[in-house]
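1. fold the following and give me the result.
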Amino acid sequence: GNLFCRLWRFSRESLSTGRVQALGVSLLPEAKMDAPMSPTPKDKAKLKTELKELFTDFGTRAEHILNVTMPRKVAELDALYKETSPDAKEKLKGTEMNQEVTQFMGKLKIEIFELLDLLNTLRMWVQLNIPKISDGNNFGVSVQEEIVSMLRSGRLSAMGVLDTTVKYFATRGKLLTKVKKYPNVEDYKRSVEELDDKEWTMLRNCCLDLRNNYATLYDMIQKNITKIKKPRGEGNHQSMY
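-> Down below sits the predicted model:
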C-alpha cells in the first residue's frame with residue numbers, strides 16, 4: 001500500500017512538472033531582484049536642470065502665444081469667416097463628396113489641432129505658476145484655477161467639433177447609399193443637400209467660435225496676467241523649481 005501511494009505521488013508530480021515545462025515555465029526558484037540604485041547627486045542635479053529648462057520653455061512658449069499667436073489667430077479666423085458665404089454653393093453631384101464642405105472642414109481641423117496644442121501649453125504654464133498650498137492670500141490662486149478651467153473647457157469644445165465631423169460623414173454615407181439604391185426618390189437627394197447645408201452652417205459657426213474663444217481667452221489672460229505670474233504678489237511667489 002505504501003509503495004502504491006509513493007508511485008502515484010511520483011507520477012502526479014512528474015505529470016505536473018511536464019505540463020509546467022511544456023508551458024515554458026521554470027520550476028527553479030526566482031532570482032532575487034537587485035534593489036534599485038538611488039540617483040547620485042550628479043544625476044539629481046542633471047534632472048533638476050532638465051526640469052528647469054522644461055518649465056522655462058513652457059513660459060517662453062506661453063509668452064509667444066499670448067503676444068503673437070493669439071492676436072494673429074483672431075484676425076485670421078475673422079477673415080476666414082467673412083470669406084465664406086452663408087450658404088454652400090456646391091450641391092449634390094451623383095455620389096461625390098461635397099468639395100466645398102470638405103475643404104472648409106480641412107481648414108478648420110488644422111485650426112482646431114493648433115488650438116488644442118496652444119491650450120495645452122497655456123494650461124501647463126498656468127499650472128506651473130500655481131504656488132504651494134498655504135493658508136490665506138489665495139485670491140490669485142483662484143484666478144489661476146479659473147483660467148485653467150476656461151482652458152480645459154476650450155479643449156473639450158474643440159474636441160466636440162471633431163466628433164460632429166465624423167457623424168457628418170457617417171450620416172452622409174448612409175444617405176448616399178439610399179440615393180444610389182433609389183435614384184428616382186428625390187427626397188433622398190434633397191436630404192443630402194440639406195445635410196451639406198447644415199454642416200456648412202455648423203462649420204461657419206465653428207469658425208466664429210474659434211475666433212471668439214481666442215479673443216476671450218486672450219482678453220481674460222491679459223487682464224489677469226499679474227495674478228497668473230505672481231498669484232501672491234511681489235516676492236511671495238514660490239516657483240516649482
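
2. so which elements touch the helix ranked longest in the chain?
-> Determined from DSSP state H, the single longest helix within the chain is helix 139-181. With contacts taken as 3 or more CB pairs under 8 Å, 6 or more residues apart in numbering; DSSP states H and E, helix 139-181 sits against helix 99-128, helix 186-223, helix 225-229. C-beta: built from backbone N, CA, C; applies to glycine.

3. run the chain-centre distance for it.
-> Computed by CA atoms, centre = their mean, to the nearest Å, the separation of helix 139-181 from the middle of its chain amounts to 11 Å.

4. and it, average pLDDT?
-> For helix 139-181, mean pLDDT rounds to 90.

5. cool, and stretch 51-59?
-> Per-residue scores along stretch 51-59 average to 86.

6. buried set for that stretch?
-> Across stretch 51-59, burial judged by 16 or more other CB atoms under 10 Å covers 55, 58.

7. just the CA trace of it, in PDB.
-> What follows is stretch 51-59, C-alpha atoms only, in PDB (Å, rounded to 0.1, in the frame of the first residue of the first chain):
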ATOM      1  CA  LEU A  51      13.100  70.200 -15.400                       C
ATOM      2  CA  LYS A  52      14.000  73.800 -15.000                       C
ATOM      3  CA  GLU A  53      14.700  74.100 -18.700                       C
ATOM      4  CA  LEU A  54      11.400  72.400 -19.500                       C
ATOM      5  CA  PHE A  55       9.500  74.800 -17.200                       C
ATOM      6  CA  THR A  56      11.300  77.800 -18.700                       C
ATOM      7  CA  ASP A  57      10.400  76.600 -22.200                       C
ATOM      8  CA  PHE A  58       6.700  76.500 -21.200                       C
ATOM      9  CA  GLY A  59       6.900  80.100 -20.100                       C
END
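
8. now find how far off-centre that stretch is within its chain.
-> Centroid separation between stretch 51-59 and its chain, computed with CA atoms, centre = their mean, is 21 Å.

9. what of stretch 120-127?
-> 13 Å.

10. just the CA trace of it, in CSV.
-> Below are the C-alpha coordinates for stretch 120-127, written out as CSV (Å, rounded to 0.1, in the frame of the first residue of the first chain):
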residue,chain,number,x,y,z
ASN,A,120,-2.3,72.6,-23.6
THR,A,121,0.8,74.8,-23.4
LEU,A,122,-1.1,77.6,-21.7
ARG,A,123,-2.7,75.3,-19.2
MET,A,124,0.7,73.8,-18.2
TRP,A,125,2.2,77.3,-18.0
VAL,A,126,-0.6,78.5,-15.6
GLN,A,127,-0.4,75.3,-13.5
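
11. buried ones in it, by neighbour count?
-> 121-126.
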